[in-house]
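A.B. asks: no sequence for this one, just the structure:
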Ligand SMILES: N[C@@H](Cc1ccc(O)cc1)C(=O)O
């Protein structure tokens with residue numbers, strides 16, 4: 001049964017799926033009101049207060065930020081400092097994160113602050129939870145983070161909104177925060193001296209995006225496996241390329257899982273014959289488990305990187321209220337997410353490339369073993385006029401090229417910034433944005449392949465030969481997209497199919 005209970009933020013570790021479910025509005029959000037949790041959070045804020053009173057000096061509270069930490073802030077002005085911090089970072093540009101992405105970002109920040117090492121009040125966590133509960137989402141420009149001093153600029157938009165400033169997305173509209181707060185009777189927060197820094201000085205933008213990317217990639221890997229099975233059936237490929245014994249001899253677990261799924265789809269049980277009539281298919285069929293398997297095998301490692309970041313205190317300085325320490329470090333550095341997203345985007349783009357090659361086999365009478373050119377379903381006098389999937393293949397080539405082009409690692413483009421204080425940075429947010437874009441393009445390729453491979457299977461009259469899993473997929477696709485007889489503009493069909501993929505509408509494998 002799918003869990004519909006609200007995601008609980010109480011410092012216990014959250015899996016990626018909690019953030020993805022929350023972002024997709026399958027689950028709500030609730031902040032723990034357990035008295036021990038509340039007290040633990042507030043102890044951090046109280047310790048910062050005490051420190052300020054006793055020592056009169058705390059980094060980012062009585063000093064300027066980053067390279068400006070040598071500048072002293074007069075004690076009677078420390079309350080103004082957090083307002084300056086989110087204000088001067090209000091310089092993001094580019095497109096805005098969409099609602100789903102913004103929810104993931106806000107939730108990732110709440111998860112980190114709920115660890116209890118950021119020296120913020122429980123009240124601040126409540127204010128963030130309120131945003132999620134009312135679905136009042138900061139309007140955050142995507143560009144302007146180097147992902148090392150935290151996602152300072154994107155997260156300044158969260159800070160500003162908590163304080164009742166800037167703009168939000170609310171019920172599909174872009175509106176001034178103050179107006180929406182007034183409507184919902186939410187009071188703007190006045191930050192304590194360290195609170196704006198705690199909100200902004202972390203990796204939540206890239207981490208929220210990474211959760212969404214992981215979830216989409218895992219679904220795409222399964223979908224690409226199903227598409228491969230459809231293509232093998234439609235091309236009358238050699239199903240024994242996925243033989244269990246064969247895969248036990250090179251036992252990468254994810255790769256073996258992909259082969260097992262294809263075997264189940266194709267209903268292959270017995271032993272491979274000594275000589276199949278199709279001895280060896282092209283690599284985009286024969287090596288599909290070796291391509292999809294790379295992604296499947298990367299997922300557990302990627303999960304570990306993303307979930308460790310998600311459930312970490314990733315700002316600076318950290319406040320250890322129990323040990324009465326201020327811990328100065330660089331946990332805002334998003335190196336792990338940068339590596340995870342650079343890796344994931346490469347693995348996902350390889351799926352696009354694999355499917356692009358499968359389509360090349362399906363549409364081309366030189367390789368498709370007797371299927372009509374371009375998978376056209378037109379007969380008789382109509383046949384010469386019709387071009388079937390010709391333009392779709394061209395589209396797939398373009399989407400694949402665009403995806404592959406974006407795989408250049410972002411993390412190697414570190415550059416010294418902020419007067420050389422941030423002289424090595426992660427670029428993890430750029431990697432995560434690239435990864436999301438590559439996922440979009442690869443989902444487009446998958447939508448096209450799904451439609452084309454179903455068309456091919458039907459042209460082959462192959463329904464009787466294919467097992468229940470392929471039949472189920474064929475019926476599901478037919479609910480969205482009719483068989484292509486005469487040429488028609490396929491954009492609407494592609495978009496319907498794409499929507500189903502994005503909503504992960506089909507349960508593909510148990
Ligand atoms: N990330 C820096 C703080 C910082 C904040 C805002 C800046 O504009 C620059 C730097 C640190 O903790 O060391």
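C.D. replies: Thanks, I have the structure now. Note that this is a predicted model, so its numbers are computed, not measured.
A.B. asks: From now on I want contacts and neighbour counts done on CA atoms only, so please keep to that.
C.D. replies: Will do.
A.B. asks: Can you verify my assumption that residue 42 contacts residue 120?
C.D. replies: Yes - with contact defined as CA atoms under 8 Å, residue 42 reaches residue 120; the gap is 7.0 Å.
A.B. asks: Compare the two (neighbour count), which wins?
C.D. replies: Counted by other CA atoms under 10 Å, residue 42 and residue 120 do not tie: residue 120 has more neighbours, with 29 against 18.
A.B. asks: With residue 291 as the reference, measure out to the more buried one.
C.D. replies: Using CA to CA, to the nearest Å, residue 120 is found at 46 Å from residue 291.
A.B. asks: ok, how many other residues are close to residue 457?
C.D. replies: 25.
A.B. asks: Quick check: closest non-adjacent residue to it.
C.D. replies: Excluding the flanking residues, the one nearest residue 457 by CA to CA, 6 or more residues apart in numbering is residue 234, at 4.5 Å.
A.B. asks: can you map out the strands along this structure?
C.D. replies: 7-9, 29-31, 93-96, 136-138, 141-143, 167-170, 173-176, 318-320, 325-327 (DSSP state E).
A.B. asks: Quick one: residues contacting the residue in the stretch 301-450 of the chain that the ligand sits nearest to.
C.D. replies: Relative to the ligand, the nearest point of the stretch 301-450 of the chain is residue 316 (4.7 Å; CA to the nearest ligand atom). Taking CA atoms under 8 Å, 6 or more residues apart in numbering, we find residue 316 in contact with 118, 197, 198, 201, 202, 327, 328, 329, 330, 331, 332.
A.B. asks: out of those, who has the most neighbours?
C.D. replies: Neighbour tally across the contacts of residue 316 (other CA under 10 Å): the maximum, 31 neighbours, falls on residue 202.
A.B. asks: thought it was touching residue 315?
C.D. replies: Yes - Residue 202 lies in contact with residue 315 (CA under 8 Å); the separation is 4.7 Å.
A.B. asks: Mind listing the shared neighbours of those two?
C.D. replies: With CA under 8 Å, 6+ apart, residue 202 and residue 315 have common neighbours 150, 331, 332.
A.B. asks: ok, the first one - contacts?
C.D. replies: The reference is to residue 150. With CA under 8 Å, 6+ apart, residue 150 has these contacts: 200, 201, 202, 203, 204, 315, 332, 333, 334.
A.B. asks: Once you drop chain neighbours, what's closest to the second one?
C.D. replies: It refers to residue 201. By the measure of CA to CA, 6+ apart, the closest residue to residue 201 outside its immediate chain neighbours is residue 150, 4.5 Å from it.
A.B. asks: Can you give me the distance of residue 96 to residue 144?
C.D. replies: 12 Å.
A.B. asks: Tell me the pLDDT of the nearest residue to residue 437 once chain neighbours are set aside.
C.D. replies: Closest residue to residue 437 in three dimensions, ignoring its sequence neighbours and counting by CA to CA, 6+ apart: residue 403, at 7.6 Å. Residue 403 is assigned 98 on the pLDDT scale.
A.B. asks: Repeat that for residue 439.
C.D. replies: 99.
A.B. asks: Please apply the same query to residue 76.
C.D. replies: 89.
A.B. asks: Ok, residue 276 next?
C.D. replies: pLDDT, read off for residue 276, is 69.
A.B. asks: does residue 418 really touch residue 68, like I thought?
C.D. replies: No - here residue 418 does not reach residue 68: they are 9.4 Å apart, not a contact under CA under 8 Å.
A.B. asks: re earlier: JSON lines for the shared contacts of residue 202 and residue 315, including pLDDT and distance to residue 208?
C.D. replies: Formatted as JSON lines, the shared contacts of residue 202 and residue 315 follow (pLDDT from 0 to 100; distance: CA to CA, whole Å):
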{"residue": "150", "pLDDT": "89", "distance to residue 208": "13"}
{"residue": "331", "pLDDT": "98", "distance to residue 208": "16"}
{"residue": "332", "pLDDT": "98", "distance to residue 208": "14"}
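A.B. asks: And the residue nearest to residue 201, how far from the ligand?
C.D. replies: Between residue 150 and the ligand the distance is 6 Å, computed by CA to the nearest ligand atom, to the nearest Å.
A.B. asks: Check residue 500 too.
C.D. replies: 40 Å.
A.B. asks: Now for residue 374: which residues touch it?
C.D. replies: Listed by CA under 8 Å, 6+ apart, the contact set of residue 374 reads 362, 363, 364, 365, 387, 388, 389, 390.
A.B. asks: buried subset of the residues you listed?
C.D. replies: Using 16 or more other CA atoms under 10 Å as the burial test, the contacts of residue 374 include 362, 363, 364, 387, 388, 389 as buried.
A.B. asks: and the third one, what are its phi and psi?
C.D. replies: Torsion angles at residue 364 (phi, psi; degrees, to the nearest 10) stand at phi -100, psi 120.
A.B. asks: contacting residues for the residue of the chain most remote from its centre?
C.D. replies: Relative to the centre of the chain, and counting by CA atoms, centre = their mean, the farthest-placed residue is residue 381 at 47.9 Å. Applying CA under 8 Å, 6+ apart to residue 381 gives no contacts.
A.B. asks: Low-confidence bits of this protein, can you list those?
C.D. replies: Residue ranges of the chain with pLDDT under 70: 1, 274, 276, 462-465.
A.B. asks: and if we set it to 80?
C.D. replies: Screening the chain residue by residue with the criterion pLDDT under 80, one finds the ranges 1-2, 269-278, 462-466.
A.B. asks: My guess is residue 424 contacts residue 418. True?
C.D. replies: No - Residue 424 is beyond contact range of residue 418, at 10.5 Å (criterion: CA under 8 Å).
A.B. asks: for the stretch 201-350 of the chain, what spans make up the helices?
C.D. replies: All helices of the stretch 201-350 of the chain, identified by DSSP state H, counting those that start in this stretch, fall at 204-234, 244-248, 253-266, 283-286, 288-310, 335-363.
A.B. asks: how about the shortest one: buried residues?
C.D. replies: Residues of helix 283-286 classed as buried under the neighbour-count rule (16+ other CA under 10 Å) are 284, 285, 286.
A.B. asks: Run through the residues of the protein sitting next to the ligand.
C.D. replies: 65, 66, 149, 201, 316 (CA under 6 Å from any ligand atom).
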